[in-house]
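**Student:** I would like the atomic coordinates for the input below:
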Amino acid sequence: MKALVKTQKGKGFLELRDVPEPEPKSGEVKIEIAACGICGTDIHVRHDEFPYWPPVILGHEFTGTVVETGPDCLRAKVGDRVVGEPHTKACGQCYLCRTGNIQICPDKRSPGWGIDGAMTKYLCYPERLLHNIPDSMTFDQAALVEPTGNAVADVIERARIMPGDFAVVVGPGPIGLLAAMVARAAGARDVAIIGTPGDVALRMAKARELGFSHLINIAETNPVEAVMELTGGLGADMVIECSGSPRAIPGTVDLVRKMGKICVIGLTGNKTVEIPWDKFCFKVVDVIFNLSTSYTCWDRSIHLIETGLLPVEKLITHREPLENWESVFDDLENLKGLKGLLIPS
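**Tutor:** Residues are numbered from 1 along each chain as shown. Next up is the predicted model:
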C-alpha cells in the first residue's frame, strides 16, 4: 500500500512509497483510513523541526472504518466508524498516566511522528483509544475532531471560559478559528480575532464567513484600543493565544482584564519569549498552558460538531488524494489554505 513516509532525519526526505499492509496485534483494530488531516506537526516534521523517529508514516488527524479486529478486542466491531486519540505508547505506570494524563506521558509516541500514522490506506490502532462517530457525521468532519479536541480541551476544560465572557483570539490560523468557534459555542458573548496583513485574504475572510465581525488587522488598528472599546475599557475576560509569535505573546497582558485569563495554545518553535513580568503580576492574571487532548474532550467535540454548533467542515480548503500531498503541504505553508485533507483510497 502507498504511504507518505518521512524516510530519514533532515529537512525534506518526505516521499510516497510502498509499505507492507499492517496486521492488528492484541487489543488493536485495523482501520481503513477515509481521510487524514494535515497538522502543523506534519509540516514541522517535513522541515526537521519536531521530534520524530524515521522511517515513519505521517498523520495523526484520522478517521475511518474498522475492517478487522485483533485478539482480545472487547468492544470494537467491524464496520464501526471511528476517530482515535493520538496517545500511543503512553507507559500506563508513571504519575501522569496514573492520574489520567496519558497525553503528556514522557514515553508517549503519537502516530505520525513516534509510530506509523494514517497517511496511508490502513492503520492498526489500539482499541482503547478509539471513539465512535455518529452516522450523521461525515468523514471530512470527523477528520477535524482531533484539532477540535485541542481547542475544546484548552478553552473549555482547562481555561474554563464562561457564558457571557468576552474572548479575544490572537492568531486566526486553523486552531485559532476553531478556538473562536469553541468559545462562541460555550457561550462567549462575543469573540474578537486579531491577525496580521498576511491573514486578511484567507483567514480573516473565513472568520467573517463563520460569523465573526470583530476582526482586527494590526496593520490598520491598534488591537489594545479596539479591545478596550469593545469591552467598555475593562479588557477581555479571556485571551486565547494561538499565534505562537514571540512578538505577539507579551502583548496578551494588555488585552486581558485584571484577574482575567490567558489561554496558551500556540507554540513558538522553541523561540525565547520576553514578557513584561510585572504587568502580569499587577493584573493578577491566570495563564493556562495547554498541550494535547484529554479523554473527555473527544466526545464533547464529536457532540459539538454533530449538532452543528461547530461547523468545522467550513475550514477545509483542500481535499486531495494522497498522491497530491506535496502541493497541499506547500499551499498550507504559504497561507494559501486552512485545513487540508488527504484521501488515501
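
**Student:** so who does H214 touch?
**Tutor:** With contacts defined as Cβ atoms under 8 Å, 6 or more residues apart in numbering, H214 is in contact with 190-193, 226, 230. Every residue, glycine included, has its C-beta placed from N, CA and C.

**Student:** most surrounded residue in the residues you listed?
**Tutor:** The most neighbours of any of the contacts of H214, using other Cβ atoms under 10 Å, belong to I193, which has 28 neighbours.

**Student:** now that one: which helix or strand?
**Tutor:** strand 190-195 (DSSP states H and E).

**Student:** which other helices and strands does that strand contact?
**Tutor:** If you count contacts as 3 or more Cβ pairs under 8 Å, 6 or more residues apart in numbering; DSSP states H and E, strand 190-195 packs onto strand 166-170, helix 174-185, strand 214-217, helix 223-230.

**Student:** tell me the angle whichever helix or strand comes after the last one makes with strand 166-170.
**Tutor:** Looking back up the chat, that one is helix 223-230. For helix 223-230, the following helix or strand on the C-terminal side (DSSP H and E) is strand 236-241. Computed with axes from the mean of the first three to the mean of the last three Cα atoms, to 10 degrees, the direction of strand 236-241 lies at 20 degrees from that of strand 166-170.

**Student:** quick one: contacts for the residue lying closest to S292 once chain neighbours are set aside?
**Tutor:** Ranked by Cβ to Cβ, 6 or more residues apart in numbering and with sequence neighbours excluded, the top spatial neighbour of S292 is Q103, at 3.8 Å. When contacts are counted by Cβ under 8 Å, 6+ apart, Q103 touches 85, 87, 90, 291-294.

**Student:** just the buried ones among the residues you listed, please.
**Tutor:** Those of the contacts of Q103 that meet the buried threshold are 85, 87, 90, 292-294, by 16 or more other Cβ atoms under 10 Å.

**Student:** okay, the residue nearest to S292 and S110: tell me how far apart.
**Tutor:** Separation of Q103 from S110 (Cβ to Cβ, to the nearest Å): 9 Å.

**Student:** spit out the residues that contact these two alike.
**Tutor:** H87.

**Student:** dump the worst-scoring helix or strand of the chain on mean pLDDT to PDB, keeping only the CA atoms.
**Tutor:** Among the secondary structure pieces of the chain, namely its helices and strands, helix 40-46 has the lowest mean (mean pLDDT, DSSP states H and E), a mean of 95. This file holds the C-alpha atoms of helix 40-46, laid out as PDB (Å, rounded to 0.1, in the frame of the first residue of the first chain):
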ATOM      1  CA  GLY A  40       1.300  21.800  11.700                       C
ATOM      2  CA  THR A  41       3.200  19.000  13.300                       C
ATOM      3  CA  ASP A  42       3.300  17.200   9.900                       C
ATOM      4  CA  ILE A  43       4.800  20.300   8.300                       C
ATOM      5  CA  HIS A  44       7.300  20.700  11.200                       C
ATOM      6  CA  VAL A  45       8.400  17.100  10.700                       C
ATOM      7  CA  ARG A  46       8.800  17.800   7.000                       C
END
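
**Student:** quick one: mean pLDDT over the helix or strand following it.
**Tutor:** If you walk from helix 40-46 toward the C-terminus, the next helix or strand you reach (DSSP H and E) is strand 56-57. Model confidence over strand 56-57, given as mean pLDDT, is 98.

**Student:** what strands line up against strand 56-57, and which way round?
**Tutor:** The sheet places strand 56-57 alongside strand 2-6 (antiparallel), with pairing taken from DSSP bridges.

**Student:** and the strand it pairs with, how far out from the chain's middle?
**Tutor:** Average the C-alpha atoms of strand 2-6, do the same for its chain, and the two points are 21 Å apart (Cα atoms, centre = their mean, to the nearest Å).

**Student:** what of stretch 246-259?
**Tutor:** Distance, centroid of stretch 246-259 to centroid of chain: 22 Å (Cα atoms, centre = their mean).

**Student:** centre-most residue in this protein?
**Tutor:** P147 (2.7 Å; Cα atoms, centre = their mean).

**Student:** output the contacting helices and strands for the helix or strand encompassing that residue.
**Tutor:** Assigned by DSSP H and E, P147 belongs to helix 145-151. Packed against helix 145-151, as judged by 3+ Cβ pairs under 8 Å, 6+ apart, are the following elements: strand 61-69, helix 174-185, helix 295-306.

**Student:** tally of neighbours for the closest residue in space to W325 that isn't next to it in sequence?
**Tutor:** The shortest distance from W325 to any non-neighbouring residue, by Cβ to Cβ, 6+ apart, is to L4 (5.3 Å). Neighbours of L4 under the rule other Cβ under 10 Å: 28.

**Student:** same thing with the one 10 residues further on?
**Tutor:** The local packing of L14 (other Cβ under 10 Å) involves 20 other residues.

**Student:** tell me how far it lies from A118.
**Tutor:** Looking at L14 against A118, where the rule is Cβ to Cβ, the gap reads 15 Å.

**Student:** and N132, by the same measure?
**Tutor:** N132 is 17 Å from A118, where distance means Cβ to Cβ.

**Student:** same thing with V67?
**Tutor:** Between V67 and A118 the computed distance is 14 Å (Cβ to Cβ).

**Student:** identify the contacts common to these two.
**Tutor:** Joint contacts of V67 and A118 (Cβ under 8 Å, 6+ apart) are I31.
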